[in-house]
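In: Predicted model, plus sequence, below.
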Amino acid sequence: MPTRRSRAALVGAALFGITALALTSCATDAGGSADSEIVWAIEGANLSAGHMDPQTSQLDVSSMVQRQVLDSLVFQEADGTFSPWLATSWEVSDDGLTYTFELRDDVTFHDGEVFDAAAVKANFDRIADPETASAQAASMLGGDFYAGTEVIDADTVAVSFTQPYAPFLQAASTALLGFYSPAVLADHADELKAGGPGITVGTGPFELTEYTPDQEIVYTRNADYAWGPHDGRPAEVETLRVSILPEASVRAGAVQSGEVDLASQLPPNAATDLGDAVTVESKELPGLPYSLYLNEKYGVFADQLVRQAFERAIDVDTAVDSIFFGQYPRAWSILGPTTPAYDASLEGTWPFDAAEADSLLDQAGWTERDADGYRVKNGERLSARWIAWTPVPDDRAALANAIQSDLKDVGFELVREVLEPGAYNEQYGPKTFDLTDWGFSGVDADLLRSHLHTEGFQNASQVSDPAVDTLLDEAVATTDASARAADYAELQQWNAEHVAIVPLYVPSLITAVGTGVDGLQYDLYGRPLFYTATAS
């Protein structure tokens, strides 16, 4: 069988200036072929910094790669409905407090441990344990609403909450609430953040068999896999090799040259002109768009007029269109258009208006200017400090420069600090910054609870508003879709006036796929799924 495998050390040194592997794929039959391989290039820059465990990491990339290992109770279809996976069926109690799942009885972990109700309880209790510090996963499990998991019998488990928790099925379909072997949780839980063979052990279609931090992750086909969503067969390919290439241009060049089979997390400029042999798949992400979070409990953003002026001073349309080649739409709301409960009525309601920004700053008392043209009040310059988590992609750096320039035009100084994770967390923890930035993908609008609730673990803006808390509490507690949509619409309208968060653009997960890959699927976040993928 012909292959294009070559294990030469320096692949494309002249092209990329890095060490990589020349990679292969070959056609495979339904049972998988011993030498069939798909090579997937990702950014993956922060995985080695303790982000190999989706139960504790907030980074999307953690869930993206570990989906290969971690299965879920249910699978969310493209239309938003749920179908069986590790659970064959489920029921919700009349009071909405308890979800009871009937589990498959034929599932084993990669280490031979049995998947059963006790394994579900062990994982969920680990996520809920404050010592785990799981943050996002704990929030998706209901946070303080989680009352516990009860083993009814080996194949029946009941998950209970102190109040109705509407987003639970969606959360239970993600890798963040996926399942590790109970043996790993008992003996190696403290090593899961670092990950690796014998540590990252699940029930998934692939087993993690090799891991070289900052270089590659190797997943090997689980030949016993018979419980996946839909057809339930083992994966078609023997090996899924994840090549960690932080530079977008390198990932794009690698897929164009055929050195990798597909490359994800590409910015628009790197995904253009890759040639006819490459198909570019762009999946607009649901959730909270890439945004700026204005800290209203620290510095100048305590004044709503200043927050409003800051927002109106940024020419978002021009910057986003030019920097992202028209591939990303500018954002108007704190939910993206593909998110249920998105309020389209906000579109066009806060266009760039430097004159309005000037007027708002005048009203706020920032009427004088210093020698550099920046506004001054009571001898203090109008200045805000933006902390950013490294690494920063070139396109986001260009966007930051455009924002700084726009703000300078109205006399607003914006000082940006790009910090290593440790230094960033030193300021993020006590909230000693003026603003920061990120996007946050999620299918359920309940993600706003972590960002806007007084107790939200991602409340970088330090919002503390009883009315906002009430809306978020109401929305999470009802299964009435229209009532939830109304609450989330009100929250979006509230932010448009209050300006705790300035949404900038709606990102897509862009993946470039070479001609040798067929049968690739994507989840609702745009992440590649390899259950049925083949390579030739």
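Out: Nice, thanks for sending it over.

In: leaving aside the residues next to it on the chain, what's closest to the residue most central in space within the chain?
Out: The C-alpha lying nearest the average C-alpha coordinate of the chain belongs to Asp60 (CA atoms, centre = their mean; 3.1 Å). Spatial nearest neighbour of Asp60, chain neighbours left out: Ser441 (5.7 Å); criterion: CB to CB, 6 or more residues apart in numbering. All C-beta atoms are positioned from the backbone trio N, CA, C, and that covers glycine.

In: Kindly check the end-to-end length of stretch 66-86 for me.
Out: End-to-end distance for stretch 66-86: 16 Å, by CA to CA, to the nearest Å.

In: what's the helix or strand for Ile314?
Out: Under the criterion of DSSP states H and E, Ile314 resides outside all helices and strands.

In: Can you tell me how far it is from Leu407?
Out: 7 Å (CB to CB, to the nearest Å).

In: more crowded one of those two?
Out: Ile314 (26 against 22; other CB atoms under 10 Å).

In: Buried residues, the lengthiest helix in the chain. List them.
Out: Longest helix of the chain, by residue count under DSSP state H: helix 481-498. If you call a residue buried by 16 or more other CB atoms under 10 Å, then helix 481-498 has these buried ones: 484-485, 487-492, 494-496, 498.

In: Relative to Glu296, which of the residues you listed is nearest.
Out: Taking CB to CB as the measure, Glu296 lies nearest His498 of these, at 8.5 Å.

In: what packs against the longest strand along the chain?
Out: When the chain is parsed with DSSP state E, its longest strand is strand 33-42. Applying 3 or more CB pairs under 8 Å, 6 or more residues apart in numbering; DSSP states H and E, one finds that strand 33-42 contacts helix 60-66, strand 237-244, helix 248-257, strand 262-263, strand 534-535.

In: 7 Å instead?
Out: Under the contact criterion of 3 or more CB pairs under 7 Å, 6 or more residues apart in numbering; DSSP states H and E, strand 33-42 touches strand 237-244, helix 248-257, strand 534-535.

In: Could you pull up the residues touching the residue nearest to Asp60?
Out: 60, 285-287, 525 (CB atoms under 7 Å, 6 or more residues apart in numbering).

In: Neighbour-wise, which one of the residues you listed leads?
Out: Of these, with other CB under 10 Å as the count, Leu285 tops at 25 neighbours.

In: confidence score at that residue?
Out: On the pLDDT scale, Leu285 is placed at 94.

In: That one contacts Gly526, correct?
Out: Yes. Using CB atoms under 7 Å as the test, Leu285 is close enough to Gly526 to be in contact (6.2 Å).

In: Please enumerate the shared neighbours of those two.
Out: Residues touching both Leu285 and Gly526 (CB under 7 Å, 6+ apart) are 508-509.

In: returning to that earlier point: looking at the helices and strands packed on strand 33-42, which is buried most?
Out: strand 534-535 (a mean of 26; mean count of other CB atoms under 10 Å).

In: chain center to that strand, what's the gap?
Out: With CA atoms, centre = their mean, to the nearest Å as the basis, strand 534-535 stands 27 Å off its chain's centre.

In: List the strands paired with that strand, with their directions.
Out: strand 517-518 (antiparallel) (DSSP bridges).

In: ok, residues contacting the partner strand?
Out: 38, 261-262, 533-535.

In: residues near the nearest residue to Ala226 once chain neighbours are set aside, how many?
Out: Distances taken as CB to CB, 6+ apart put Gly232 closest to Ala226, at 5.2 Å, once the chain neighbours are dropped. Neighbour count for Gly232, taken as other CB under 10 Å: 15.

In: Quick check, Gly232 in contact with Pro205.
Out: No. Assessed by CB under 7 Å, Gly232 is found out of contact with Pro205, at 9.8 Å.

In: where along the stretch 151-300 of the chain do the helices fall?
Out: Using DSSP state H, counting those that start in this stretch, the helices of the stretch 151-300 of the chain run over 168-172, 182-187, 248-257.

In: so Ala122 sits in a strand?
Out: No. Going by DSSP: H, G, I helix; E, B strand; the rest coil, the assignment for Ala122 is helix, not a strand.

In: before we move on, the earlier item: possible to save the helices of the stretch 151-300 of the chain as a markdown table with mean pLDDT?
Out: Rendered in a markdown table, the data for the helices of the stretch 151-300 of the chain read as follows (pLDDT from 0 to 100):
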| stretch | mean pLDDT |
| --- | --- |
| helix 168-172 | 96 |
| helix 182-187 | 98 |
| helix 248-257 | 95 |
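
In: can you list those in JSON lines and add distance to Gly112?
Out: Listed next are those as JSON lines, based on distance: least, CB to CB, whole Å:
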{"stretch": "helix 168-172", "distance to Gly112": "25"}
{"stretch": "helix 182-187", "distance to Gly112": "9"}
{"stretch": "helix 248-257", "distance to Gly112": "36"}
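
In: Minimum distance to Thr88: which of the ones you listed has it?
Out: Per CB to CB, nearest to Thr88 of these: helix 168-172, 13.9 Å.

In: Which positions within the closest one qualify as buried?
Out: 168-172.

In: okay, the one helix or strand Phe440 maps to in PDB with CA atoms only?
Out: Element membership of Phe440, judged by DSSP H and E, is strand 435-441. Taking Å, rounded to 0.1, in the frame of the first residue of the first chain, the C-alpha atoms of strand 435-441 are listed here in PDB:
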ATOM      1  CA  LEU A 435      -9.500  45.500  31.100                       C
ATOM      2  CA  THR A 436      -8.700  42.200  29.600                       C
ATOM      3  CA  ASP A 437      -9.800  40.100  26.600                       C
ATOM      4  CA  TRP A 438     -11.000  36.700  25.400                       C
ATOM      5  CA  GLY A 439     -13.700  34.900  23.500                       C
ATOM      6  CA  PHE A 440     -15.600  32.000  25.100                       C
ATOM      7  CA  SER A 441     -17.400  29.400  23.100                       C
END
